[in-house]
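Visitor: just to be clear, the model below is a prediction. Sequence and coordinates:
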Amino acid sequence: MYGEFFSRTDLGAMKSLRESSVSQALSGLLGKESVIRVGSNRYMWNHDGKSVYRPSVSPELGKLSSLLEKKYPRADYILWETGMLNEFLNHQLSRNILILDVEPMLAESFFEFLHPCYPGQVLCKPDRNVLETYLPMAGIIIKRLISQSPRSRRKPHEIRLEKLAVDLFADKTVKMLYSPADLPDAMEIMFKNYAIDETTLFRYASRRGAKTKLLDFIHRETGIQLATEVFP
């Protein structure tokens, strides 16, 4: 055990629990947010009152979500909106754009379905030139869903904070939507206020080819102390 950090084995020893009882005890502690998960078999006592991230959803996002769930009940996608970023950014975004990360083979199908509902507002896998030209009219941006993107345990299409943090840092489309000067503070606010599974965070960063750069950024530009470095 490393200070505030512990493993499943540590919890069993602390509480004098048999192995068969550890999972139930841990689930109860996680449910009450007395404990937060910070990595693979890495937990910490939640003395700072961190929360599990549950994004607020606008009526616009709720409407789109209902449309997609009816049309594509088995499709693999993640739906979020840029308004969620305002919680973390110093310079608030004046417009709310809905972001749809969808498996590549279905991107065109999603576009064909949404275009009549949102005429002139849907951009499908835009490159930088298209985004710079049409961003003022965009209401929905369809992007390629990276394989093994973090999944919400509550809702299958809800964005997890680990994905939001990495996309804020590494996604070329998302980076065009906010001021880069806001990134260090945004990352610090995420780590300060919410439980972040660092194993999930860096696994996804690796999928995006950004793990080393993200680690370097955290060390150089923020005051974040990574739990997985304190408790290797």
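Guide: Happy to help now that I have it. All values derive from a computational prediction rather than experimental measurement. Numbers count the residues shown, from 1 in each chain.
Visitor: residue 21 and residue 162, how far apart?
Guide: 29 Å (C-beta to C-beta, to the nearest Å). Every C-beta, even on glycine, is put in place using the N, C-alpha and C of the backbone.
Visitor: so these two - more neighbours on which side?
Guide: residue 162 (24 against 13; other C-beta atoms under 10 Å).
Visitor: in this protein, which spans are helices?
Guide: Applying DSSP state H to the chain gives helices spanning 8-15, 19-31, 59-71, 107-114, 128-134, 161-170, 172-175, 183-193, 198-207, 211-221, 227-230.
Visitor: most neighbours per residue, which of those?
Guide: When these are scored by mean count of other C-beta atoms under 10 Å, the highest mean neighbour count falls to helix 161-170 (a mean of 23).
Visitor: hmm, who's touching it?
Guide: Residues outside helix 161-170 that contact it (C-beta atoms under 8 Å, 6 or more residues apart in numbering): 53, 78, 80, 84-85, 88, 149-150, 174-175, 178, 183, 186-187, 190, 194, 196-197, 200-201, 204-205, 208-210, 213-214, 217.
Visitor: just stretch 148-159 next, same as before
Guide: Residues contacting stretch 148-159 (C-beta under 8 Å, 6+ apart): 54-55, 65, 68-69, 77-80, 84, 101, 160, 162-163, 197, 200-201, 203-204, 207.
Visitor: straight-line length of it, end to end?
Guide: 13 Å (C-alpha to C-alpha, to the nearest Å).
Visitor: likewise stretch 47-58?
Guide: End to end - C-alpha to C-alpha - stretch 47-58 spans 31 Å.
Visitor: buried stuff in that stretch?
Guide: For stretch 47-58, the neighbour count (16 or more other C-beta atoms under 10 Å) marks 50, 52, 53, 55, 57 as buried.
Visitor: correct me if wrong: the last one contacts residue 65.
Guide: Yes - here residue 57 lies in contact with residue 65, judged by C-beta atoms under 8 Å, at a distance of 7.5 Å.
Visitor: quick check: which ranges of the protein have low pLDDT?
Guide: 1-3, 230-232 (pLDDT under 70).
Visitor: let me see the domain layout of it.
Guide: According to automatic domain parsing, the chain comprises the domains 5-49, 59-229.
Visitor: endpoint to endpoint, the shortest one covers what distance?
Guide: Domain 5-49 has an end-to-end distance of 15 Å (criterion: C-alpha to C-alpha).
Visitor: do the same with stretch 72-82
Guide: Taking C-alpha to C-alpha as the criterion, the two ends of stretch 72-82 lie 23 Å apart.
Visitor: touching it from outside, list them.
Guide: By C-beta under 8 Å, 6+ apart, stretch 72-82 touches 55, 57-58, 60-61, 64-65, 68, 93, 95-103, 106, 110, 145, 149, 157-159, 163-164, 177-178.
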